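1. With the sequence up front, the predicted model follows.
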Amino acid sequence: MPAHYWFILGLILLIGEVFTTDFSLSCIGIACFVSALCSWLGLNVYWQLAIGAITIYILFFTLRPFMLKYMYRKGEKFKSNIEALSGELLTVSEADNKTKKYFVKKDGDIWEVICDSELAKGDKVKVLRSEGIKLIVKKENN
């Protein structure tokens, strides 16, 4: 099998890894690059397949567990989206006391907030927690 076929297959598998993120396609893709090197060195297709299979085996049982451990560390929880807003001090951007609808804006996103007291536009509120897609807030004294 010509080296460029192995190389193209390896690239496709590495691109596919972006969608799976379990490092299995990367192992196979790297093995394809090793097989491409074997082909470039003039080894026949049986040697290319054998060395590629050995490479996959080695990568699956040595490098893959290490990478998974590194990528999915336990105990580290990254806050994102609505979780990251807890404890933030925000400014009310829209307030309607008739309907008790209040909104804040953070990084271009508009969030509906629920508060025990009435709010006015420009009031400062502290985010206590979230319930669904709404933020539970407490009015801060200015």
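-> Alright, I've got the coordinates. Computed from a prediction, not measured in an experiment: that's the story for all the values here.
2. CA only for contacts and neighbour counts going forward, please
-> OK.
3. Just the element for the closest residue in space to Gln48 that isn't next to it in sequence, please.
-> Counting by CA to CA, 6 or more residues apart in numbering, Gln48 lies nearest to Ser35, which is 4.9 Å off, once chain neighbours are set aside. Here Ser35 sits within helix 24-40, counting by DSSP states H and E.
4. residue contacts, the residue nearest to Gln48?
-> Ala3, Trp6, Gln48, Leu49, Ile51, Gly52 (CA atoms under 8 Å, 6 or more residues apart in numbering).
5. The helix or strand following the helix holding Ser35 to helix 24-40, inter-axis angle?
-> Downstream of helix 24-40, the next assigned helix or strand under DSSP H and E is helix 45-58. Counting by axes from the mean of the first three to the mean of the last three CA atoms, to 10 degrees, helix 45-58 points 150 degrees away from the direction of helix 24-40.
6. Next, the buried residues of helix 45-58.
-> Applying a neighbour-count criterion of 16 or more other CA atoms under 10 Å, one finds Gln48, Leu49, Ile51, Gly52, Ala53, Thr55, Ile56 buried in helix 45-58.
7. Quick check: of those, which lies closest to Val18?
-> For the buried residues of helix 45-58, the closest approach to Val18 (CA to CA) belongs to Ile56, at 18.5 Å.
8. so what's that closest one scoring on pLDDT?
-> The model reports Ile56 with a pLDDT of 94.
9. from what I can see Cys32 touches Ile12, true?
-> No: using CA atoms under 8 Å, Cys32 is not in contact with Ile12; the gap is 10.2 Å.
10. the more surrounded of those two?
-> Higher neighbour count among Cys32 and Ile12: Cys32, with 28 against 14, using other CA atoms under 10 Å.
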